[in-house]
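need a 3D model of the sequence below.
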Amino acid sequence: MGRAALFIDGANLFYTQRHLGWQIDFSRLMALFMSRYGSVQANYYVPASEPVSEESAAFTRMLTAQGYRITSKPVKKIVNKETGEIVMKGNLDVELVVDAMSRKDQYDTFILFSGDSDFLPLIRALKGLGKEVVVYSTRGLSARELLAEPGISYCDLSLLKEPVGQLRQGEPSRSPVVVPEGESSFPPRLPEPGEKFTGSVLKVKPYGIFLSNPYHVKCLLPLSFMGISRHVDDLVAIVRLTDDFEVSVFHVNTAREVPEITVKLSDKRMAEELSARLEG
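Numbering: from 1, shown residues only. Okay, the predicted model is just below:
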């Protein structure tokens, strides 16, 4: 099935998602490529503003939990001495290019998430090395030079809403990604009861917390499995987006279109921390 490496221009993808009007579920995105290739490396490049917001920190932790390698550097403020205008600069194109070339022996297919024509020299160099090149962006935000480049596969992100778009609250679950015959399905495997992992917070509801997980399925830590002895009126008020939860698998539900797992908190210190927040 070959080896693939994803190189995601985070800043470019942010504007692409805003242009499309929907957000990517990065767990489903990883699962999509894991279903198509024998191995997948995923690299995400993003400038970091300071101070780091809680939302940004939670997003980074979620990506890391899903297997993405994050490369980041602080945004610089550059002052034009003539006009006094402040320009924000946080481009990571060089870092992406250096990584792609230095790791060229680790993948067969180079997958770029960006519509920036600045990557054309990299694309041409990789084609010269015999690499398959796939570009994901969307028309209207992709450079014409990139669209016209021969020898690459161009995929419009607007066509991926069904398999990788985030589900909105109340929206019914979508069918799983359709995998071509001969390729493996996703997720690679489901956990057994008792298996442990650490998940970051994706969403908090009054009845429990939805966590990221290495199995790329829906994962719920119910309030009743958090080891909190006191009554909780508002779970949202005591759970932070930066929290990590060490959990063990309690139940695996394969009866639905998208498998679901229920987990129990196995970290006594986190249970004590949540109880302390209740008292505070």
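
C-alpha from now on. contacts and neighbour counts both.
Noted.

which helix or strand contains residue 61?
helix 54-65 (DSSP states H and E).

the helix or strand following that helix: how far from the chain's middle?
Elements were assigned by DSSP H and E; along the chain past helix 54-65, the next helix or strand is strand 68-74. Relative to the centre of its chain, strand 68-74 is centred 12 Å away, using Cα atoms, centre = their mean, to the nearest Å.

what packs against strand 68-74?
Other helices and strands packing on strand 68-74, by 3 or more Cα pairs under 8 Å, 6 or more residues apart in numbering; DSSP states H and E, are strand 39-48, helix 54-65.

can I get those in JSON lines with distance to residue 99, mean neighbour count and mean pLDDT?
What follows is those, written out as JSON lines (distance: least, Cα to Cα, whole Å; neighbours: other Cα atoms under 10 Å; pLDDT from 0 to 100):
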{"stretch": "strand 39-48", "distance to residue 99": "9", "mean neighbour count": "20", "mean pLDDT": "90"}
{"stretch": "helix 54-65", "distance to residue 99": "18", "mean neighbour count": "18", "mean pLDDT": "83"}
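
for burial, what's the neighbour tally of residue 136?
For residue 136, the neighbour count with other Cα atoms under 10 Å is 20.

kindly report the same for residue 118.
Counted with other Cα under 10 Å, residues neighbouring residue 118 total 14.

how about the secondary structure of it?
Under DSSP: H, G, I helix; E, B strand; the rest coil, the three-state class of residue 118 is helix.

could you identify the helix or strand that succeeds the worst-scoring helix or strand of the chain on mean pLDDT?
Within the chain, no helix or strand scores below strand 86-89, which has a mean of 50 by mean pLDDT, DSSP states H and E. Sequence order places helix 93-102 as the next helix or strand after strand 86-89, per DSSP H and E.

bridged to residue 244, which residues?
Beta-bridge pairing for residue 244 (DSSP bridges): residue 200.

then the one 5 residues further on?
On the basis of DSSP bridges, residue 249 is bridged to residue 263.

what pLDDT does the nearest residue to residue 267 once chain neighbours are set aside get?
The shortest distance from residue 267 to any non-neighbouring residue, by Cα to Cα, 6 or more residues apart in numbering, is to residue 246 (5.6 Å). The confidence metric pLDDT takes the value 93 at residue 246.
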